[in-house]
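Visitor: Sequence below, structure please.
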Amino acid sequence: MTFVTLASMSRSLRSLAAAMRAGLGVLVGLVALVGLVGVGAPAAIAQEVHMVSMTGEGLGDADLLKGITIAVVWATWSPRSRDIVERVQPLAGRWSSRARFVTVDFEEERPVVAAFLASRSMAAPVFLDADGAFSKKYAIATLPGLLVLKDGKVVYHGKLPDDPDKLIADALR
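Guide: Next up is the predicted model:
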């Protein structure tokens, strides 16, 4: 199964728009669209993940291979992420004792995230996925997203549901 990342979808849509503006016709547009959904495309080689938090902590592949990691992926520009702090607070409180609970900001610069968090207190570390490697590796295709890893293996990835507790509990069994 092929998953489309936000970054690859954005690049493909820009390519499609450019081809259509250039008057290259429907055929080129269809070729770009097929690239968007990845039909027949070879699997990409996963890029090594190394993120730095807003406080300077590191999180990389070696860390994600050990124990349970719950990650909420979000971005300040996503309308569905506007209340992310309020959504993360109770989750971090319930799950931080059983797992490494983190949030991951998708492809934004530190000052943008710092401004968003300036009057808020996130209950979990905020890591910056500045190059999108984390989101691409784990096929995060919606924001806010939820990723649950157990000893490096994906046990859930998808949309952050309104009430994720049952989903997280089931994934960790």
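Visitor: Which stretches in this structure count as strands?
Guide: Taking DSSP state E, the strands of the chain run over residues 50-53, 58-60, 68-74, 100-106, 126-129, 145-150, 153-159.
Visitor: Go through the last one and flag the buried ones.
Guide: It stands for strand 153-159. Going by neighbour count (16 or more other Cβ atoms under 10 Å), the buried part of strand 153-159 is Tyr156, His157. For glycine as for every other residue, the C-beta is placed from the backbone atoms N, C-alpha and C.
Visitor: For that strand, name the packing helices and strands.
Guide: strand 145-150, helix 165-171 (3 or more Cβ pairs under 8 Å, 6 or more residues apart in numbering; DSSP states H and E).
Visitor: Please apply the same query to the third one.
Guide: For strand 68-74, the packing partners by 3+ Cβ pairs under 8 Å, 6+ apart come out as helix 84-95, strand 100-106, helix 133-137, strand 145-150.
Visitor: what pairs with the nearest residue in space to Gly67 that is not next to it in sequence across the strands?
Guide: Nearest residue to Gly67 in three dimensions, chain neighbours excluded: Arg100, at 6.3 Å (Cβ to Cβ, 6 or more residues apart in numbering). Per DSSP bridges, the residues bridged to Arg100 are Thr69.
Visitor: and Arg100, how many neighbours does it have?
Guide: 18 (other Cβ atoms under 10 Å).
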